[in-house]
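S.K.: Sequence first, predicted coordinates after that:
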Amino acid sequence: MKIAADEAGFEAEFVQISEPSVKDALDSDKYDILMPFGSAIESTSGKKSVISENIFRTPFTLVTEGKRDIPPFSNLRVGMLHSQKGVADTIRSLYPGIVIITYDNVDGCVKALRNNEVDALLHNSFFWSYILQKPAYENLVVQPSSMFTMDFKAGTADTPDGRALIERLNKGIKQINETKRQAITLDYTSRRLYKYDVSDFFYSYWLIILLAVLLFIAVIIIAVQKTRGLLKENEEKIQKLIDEDPLTGVLSMDGFRKRAEELISENPNAPYFLSYNNIRDFKYINDKLGRVAGDDLLKFWAARSMEFIDDEEAIGRITADRFAVLRKIASDEEILADEKNVIIPVRNFFINQGKDINVQLCSGIYVLTPADFVDIDVDHMLDLARITEKKVRQNREQSYLFYNPDQWVKGKKATDIINNLPAAIKDQELQVYYQPQVNYNTGEITGAEALCRWNHGKLGHLRPSEFIPILENCGLIFDLDKYVWDRVCQDLKKWNERGHHQTVSVNVSRSDIREDRDIAKIFSSLIQKYNLSPDQLHIEITESAYVENSELLINTANSLREHGFKVEMDDFGSGYSSLHMLKEVPVDRIKLDLHFLKDSGDPEKSHIIISCVIKMINALGIDLITEGVETTQQARFLQSEGAVEMQGYYFYKPMPIEEFEKLI
């Protein structure tokens with residue numbers, strides 16, 4: 001076209017049309033001539049056109065994805081560029097029935113082909129020879145036969161000026177011979193190499209680029225990890241210098257303090273004691289045998305102790321010949337074992353070397369109390385153990401002394417109770433006692449409360465006040481409660497089979513509620529297992545549980561009542577009573593504690609309080625039973641106030657099942 005214009009005496013300037021198609025551009029005055037035209041067409045508004053001689057001829061070919069079989073042209077769905085609407089009109093006239101869908105760009109065409117929206121794409125073969133060099137289009141295949149051949153012409157609106165312009169241009173076109181025409185066409189189509197852009201580069205080499213990026217990231221990660229490792233290693237070395245005693249290898253003072261705090265925090269129920277230990281007359285040993293001998297003794301003492309220290313215990317060198325030990329020991333036998341394994345070998349360290357020196361150790365022992373597990377102060381514990389060790393040094397007849405011997409005895413007893421609970425349940429050391437409940441007017445036994453008694457194999461008979469708080473603190477009360485509930489249900493089943501439909505009240509611990517166990521489900525399973533009716537079990541919940549978690553207590557009581565069980569509020573009046581609680585907690589019966597009728601305080605005020613409480617409970621429509629009745633006067637006073645259900649030593653003490661069965 002450039003050559004034709006030159007030959008015709010024109011200076012050609014080429015611009016891309018801004019309109020969607022050549023037909024639209026025909027209505028614009030911005031252009032002298034337009035191209036390409038295959039034949040004369042009408043503009044969008046209906047204007048006629050006039051066209052030039054043929055500049056060159058190009059075959060139009062179809063492109064498919066892979067070697068796909070395509071349907072006949074009459075049924076073909078073809079994708080074309082939107083700018084070729086004029087060509088599309090020509091094709092529709094040649095092939096009636098063909099469906100042509102146009103797209104804004106080549107990528108849109110290719111995407112439609114891959115999504116099976118069209119069967120093939122159509123453009124001239126010169127276009128395909130260039131564009132299919134793009135790597136992303138490598139699976140597109142040109143169909144071997146051309147669809148048709150189209151002349152490539154120029155055109156403009158059919159006006160006098162338009163016709164004159166085309167006539168002059170035709171003279172220039174005629175000056176181009178066929179050989180030159182073909183050479184130019186080949187130079188700018190088939191012989192032209194596609195220029196890769198950035199997306200083509202990534203498409204072609206994505207795997208290599210990905211591997212390179214991953215390798216780079218791996219190198220960075222390794223470098224970072226190595227740097228962190230070195231930093232951590234250095235930090236650990238520095239921390240080790242701070243936390244570890246360089247001579248003996250045990251913890252330093254700082255290290256012992258930190259480790260002891262961790263262990264006490266992580267093991268709140270462990271029978272820990274903390275000992276402060278010192279060698280009597282260590283300066284004399286250093287002066288007589290030398291510093292090296294003294295150091296060897298300290299290293300032997302530390303190494304020997306470490307052999308018998310587990311992961312939940314700690315030993316540290318406080319200073320010079322003073323060592324602190326956090327130890328889990330629950331019995332005198334374990335202390336004797338430590339004396340045999342550590343103290344005696346240290347005592348004989350120099351004697352075994354043929355030297356007449358007996359090493360004497362002085363130890364002050366502080367037994368941790370429950371408060372020490374809440375407010376952990378290792379320095380304070382060490383101070384108390386140090387005070388006790390000083391007393392040992394002053395009294396040369398002793399080797400160790402407890403700061404708080406009562407706590408030691410109490411701790412040993414608690415450990416015996418905790419450790420022996422499973423065996424006690426298995427061997428039936430735990431027994432269920434029944435305390436009858438009486439209607440004072442008739443003398444009839446209306447029910448009973450199940451209570452637990454423990455004949456400990458080692459400690460003898462234990463009162464509930466001795467073992468229940470310990471089991472609650474260590475989280476084992478649920479095991480005891482389940483055992484009692486099951487035994488009671490076994491007894492109820494036995495009595496049912498004998499024709500005695502009995503009612504028994506069983507206790508639910510505060511911790512059972514606090515742990516949010518599904519109490520109602522447990523009791524439902526028990527009555528199904530033993531074929532009981534829900535009314536045979538009254539579930540006693542202590543009023544102090546309301547103070548700890550009122551919402552959970554209310555939910556538990558509601559759930560029990562929904563399953564058909566009677567809920568009793570135990571110990572009402574023992575110190576936690578709340579009118580707000582009476583309003584909120586859904587209970588069927590109140591167990592009134594006779595705390596107000598004890599000897600202390602003003603008896604007249606006590607009677608007034610009890611009388612008002614009874615009237616209030618009756619007015620609320622809640623059943624009432626009074627527990628702790630011990631005298632005739634108490635019973636008659638309660639009867640006069642309308643409270644006839646009673647329980648207490650005045651009537652019966654808790655008794656073994658054999659005695660209770662004789663009564664019923």
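M.R.: Arrived safely, thanks for sending.
S.K.: C-alpha only now, for contacts and for neighbours.
M.R.: Noted.
S.K.: what mean pLDDT does the helix or strand residue 434 falls within have?
M.R.: Assigned by DSSP states H and E, residue 434 belongs to strand 430-439. Per-residue pLDDT over strand 430-439 has a mean of 94.
S.K.: Can you show me the CA trace of the helix or strand that that strand is followed by as PDB?
M.R.: Using DSSP H and E, the helix or strand that directly follows strand 430-439 along the chain is strand 445-456. The C-alpha trace of strand 445-456 is given here as PDB (Å, rounded to 0.1, in the frame of the first residue of the first chain):
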ATOM      1  CA  ILE A 445     -38.500 -43.800 108.100                       C
ATOM      2  CA  THR A 446     -39.200 -41.800 104.900                       C
ATOM      3  CA  GLY A 447     -35.800 -42.200 103.300                       C
ATOM      4  CA  ALA A 448     -32.100 -42.100 104.000                       C
ATOM      5  CA  GLU A 449     -28.900 -40.200 103.100                       C
ATOM      6  CA  ALA A 450     -26.000 -42.200 101.700                       C
ATOM      7  CA  LEU A 451     -22.700 -41.400 103.400                       C
ATOM      8  CA  CYS A 452     -19.200 -42.800 102.900                       C
ATOM      9  CA  ARG A 453     -16.900 -44.300 105.500                       C
ATOM     10  CA  TRP A 454     -13.300 -45.500 104.900                       C
ATOM     11  CA  ASN A 455     -11.500 -48.100 106.900                       C
ATOM     12  CA  HIS A 456      -8.000 -47.400 105.600                       C
END
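S.K.: and the angle for strand 445-456 with strand 430-439?
M.R.: With axes from the mean of the first three to the mean of the last three CA atoms, to 10 degrees defining the directions, strand 445-456 sits at 160 degrees from strand 430-439.
S.K.: now strand 445-456, how far from the centre of its chain.
M.R.: For strand 445-456, the gap between its own C-alpha mean and the chain's C-alpha mean amounts to 43 Å (CA atoms, centre = their mean, to the nearest Å).
S.K.: can you list the residues that contact that strand?
M.R.: Contact with strand 445-456 is made by 424, 429-439, 461-464, 484, 488, 502-507, 654, 664, as judged by CA atoms under 8 Å, 6 or more residues apart in numbering.
S.K.: hey, where'd the helices end up in the stretch 151-300 of the chain?
M.R.: Assigned by DSSP state H, counting those that start in this stretch, the helices in the stretch 151-300 of the chain fall at 160-174, 178-187, 198-243, 253-266, 282-289, 291-306.
S.K.: Just the buried ones from the contacts of strand 445-456, in ChimeraX syntax?
M.R.: If you want just the buried ones from the contacts of strand 445-456 in ChimeraX, going by 16 or more other CA atoms under 10 Å, the selection is:
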select :424,429,430,431,432,433,434,435,436,437,438,439,462,484,488,502,503,504,505,506,507,654
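S.K.: what number of residues lie near residue 636?
M.R.: For residue 636, the neighbour count with other CA atoms under 10 Å is 15.
S.K.: follow-up on the earlier one: compile the helices of the stretch 151-300 of the chain into JSON lines and extend it with columns for mean pLDDT and distance to residue 67.
M.R.: As requested, the helices of the stretch 151-300 of the chain are exported to JSON lines (pLDDT from 0 to 100; distance: least, CA to CA, whole Å):
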{"stretch": "helix 160-174", "mean pLDDT": "93", "distance to residue 67": "39"}
{"stretch": "helix 178-187", "mean pLDDT": "81", "distance to residue 67": "26"}
{"stretch": "helix 198-243", "mean pLDDT": "77", "distance to residue 67": "22"}
{"stretch": "helix 253-266", "mean pLDDT": "93", "distance to residue 67": "72"}
{"stretch": "helix 282-289", "mean pLDDT": "89", "distance to residue 67": "98"}
{"stretch": "helix 291-306", "mean pLDDT": "93", "distance to residue 67": "80"}
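S.K.: closest one to residue 389 among those helices?
M.R.: Residue 389 lies closest to helix 282-289 among the helices of the stretch 151-300 of the chain, at 14.8 Å (CA to CA).
S.K.: quick one, longest strand in this structure?
M.R.: If you go by DSSP state E, the chain has its longest strand at strand 140-157.
S.K.: what comes up buried for that one?
M.R.: 140-143, 147, 150-157.
S.K.: quick one: contacts for residue 162?
M.R.: The neighbourhood of residue 162, defined by CA under 8 Å, 6+ apart, consists of 50, 156.
S.K.: just to revisit the earlier point, now tell me which of the buried residues of strand 140-157 the prediction trusts least.
M.R.: Lowest model confidence among those falls on residue 147, which carries 66.
S.K.: tell me the mean pLDDT over stretch 512-529?
M.R.: pLDDT averaged over stretch 512-529 gives 87.
S.K.: Mind listing the strands the longest strand of the chain pairs with, and their directions?
M.R.: Applying DSSP bridges, strand 140-157 is found paired with strand 34-37 (antiparallel), strand 49-51 (antiparallel), strand 56-65 (antiparallel).
S.K.: Go through those and pick out the most buried.
M.R.: strand 49-51 (a mean of 22; mean count of other CA atoms under 10 Å).
S.K.: ok, and what's touching that one?
M.R.: Contact partners of strand 49-51, identified using CA under 8 Å, 6+ apart, comprise 26, 37, 39-43, 153-158, 162-163, 166.
S.K.: Try it again at 7 Å.
M.R.: 40, 41, 42, 153, 154, 155, 156, 157, 158, 163, 166 (CA atoms under 7 Å, 6 or more residues apart in numbering).
S.K.: what's the model's confidence in it, averaged?
M.R.: On average, strand 49-51 scores 94.
S.K.: How about stretch 607-619?
M.R.: In this model, stretch 607-619 has an average pLDDT of 89.
S.K.: quick one: residue 9 from residue 177, how far?
M.R.: Taking CA to CA, to the nearest Å as the measure, residue 9 falls 18 Å from residue 177.
S.K.: The two: which is more packed in?
M.R.: A count of neighbours by other CA under 10 Å puts residue 9 above the other of residue 9 and residue 177, at 13 against 9.
S.K.: What distance do you get for the more buried one to residue 362?
M.R.: For residue 9, the distance to residue 362 - CA to CA - is 123 Å.
S.K.: what does residue 159 give?
M.R.: Counting by CA to CA - residue 159 and residue 362 are separated by 125 Å.
S.K.: next one: residue 268
M.R.: Distance of residue 268 to residue 362, computed by CA to CA: 28 Å.
S.K.: same thing with residue 348?
M.R.: Taking CA to CA as the measure, residue 348 falls 15 Å from residue 362.
S.K.: who's more crowded, those two?
M.R.: Set side by side, residue 348 and residue 362 show more neighbours around residue 362, with 25 against 17, by other CA under 10 Å.
S.K.: Show me how far the helix or strand that one falls within is from its chain's centre.
M.R.: Assigned by DSSP H and E, residue 362 falls within strand 361-367. In terms of CA atoms, centre = their mean, the centre of strand 361-367 is set 43 Å apart from its chain centre.
S.K.: What of stretch 461-476?
M.R.: Distance of stretch 461-476 from the chain centroid (CA atoms, centre = their mean) equals 34 Å.
S.K.: Equivalent analysis for stretch 643-651, please.
M.R.: For stretch 643-651, the gap between its own C-alpha mean and the chain's C-alpha mean amounts to 52 Å (CA atoms, centre = their mean).
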